[in-house]
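Engineer: Below is the sequence, then the predicted model.
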Amino acid sequence: HLTDKWHDEMLNRFGLDFTVVNSETLSRVRRDRGLHANPFRVFPYTIVSLAWLRGPKAGRLLDEVLAQSGPMRTRPLDLLIVDEAHHVAPPGKGQYAVDSQQTRAVRRLADHAEHRLFMSATPHNGYPESWTALLALLDPQQVPRGCLPAPAPLRPEPRPRPTPENPPDAGAPVTPPRGD
């Protein structure tokens, strides 16, 4: 499973012990800590599959955690990472993109996350409505849903590394300055 892979990567690469939250974890937490224990309150670092996230159990548990969040309060989630984010993009075509269960589940979390990171190695489906809906999950203020973002200004290409055969121009920088 992707959740187990993420658990192993976070532990081996960063020394962070994340807990995979699923039905088995919920049963274990409630057996050990009581019927009303919530794994999202018990464990500081959690990993959840999209399939489990969109289910009713996860929804009830997140209701408890997210209900205390608001515009004037600190967001309860520091970082939301969505791997295989192409699954979250609504399959839109035509005038608008209709949210899937996964889209709604991630939107719910994204609204309460201070930072968001979406990753995917799969190409986008090509529909602009679907693309803008996904971008709006990342930053709804910068990219309102249904509005294509303005094209970024083109950056100059870096120059090749200087060698005796390819000396740099006199007084010119080897690579252009960063545009921050």
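Structural biologist: That came through fine.
Engineer: Wait, a helix at L135?
Structural biologist: Yes: with DSSP: H, G, I helix; E, B strand; the rest coil as the criterion, L135 is located in a helix.
Engineer: Can you report how many residues lie near the nearest residue to it once chain neighbours are set aside?
Structural biologist: Closest residue in space to L135, ignoring its immediate chain neighbours: V143 at 4.1 Å, by CB to CB, 6 or more residues apart in numbering. For glycine as for every other residue, the C-beta is placed from the backbone atoms N, C-alpha and C. Applying other CB atoms under 10 Å, we find 19 residues neighbouring V143.
Engineer: now P56
Structural biologist: The burial metric for P56, expressed as a neighbour count using other CB under 10 Å, is 7.
Engineer: Give me the pLDDT for it.
Structural biologist: Confidence at P56, expressed as pLDDT, is 84.
Engineer: can you check P156 too?
Structural biologist: Value listed for P156 in the pLDDT field: 57.
Engineer: any idea which helix or strand comes after the top helix by length along the chain?
Structural biologist: With residue count as the measure and DSSP state H as the assignment, the chain has helix 2-14 as its longest helix. Per DSSP states H and E, the first helix or strand lying C-terminal to helix 2-14 is strand 19-20.
Engineer: So which elements touch that following strand?
Structural biologist: Judged by 3 or more CB pairs under 8 Å, 6 or more residues apart in numbering; DSSP states H and E, the packing partners of strand 19-20 are helix 2-14, strand 46-47.
Engineer: Return the most buried member of the ones you listed.
Structural biologist: With neighbours defined by mean count of other CB atoms under 10 Å, none of the helices and strands packed on strand 19-20 is more surrounded on average than strand 46-47, at a mean of 18.
Engineer: What pairs with it, parallel or antiparallel?
Structural biologist: Sheet neighbours of strand 46-47, with direction, are listed as strand 19-20 (parallel) (DSSP bridges).
Engineer: quick check, distance from the strand it pairs with to the centre of its chain.
Structural biologist: Its chain's C-alpha centre lies 17 Å from the corresponding centre of strand 19-20 when counted by CA atoms, centre = their mean, to the nearest Å.
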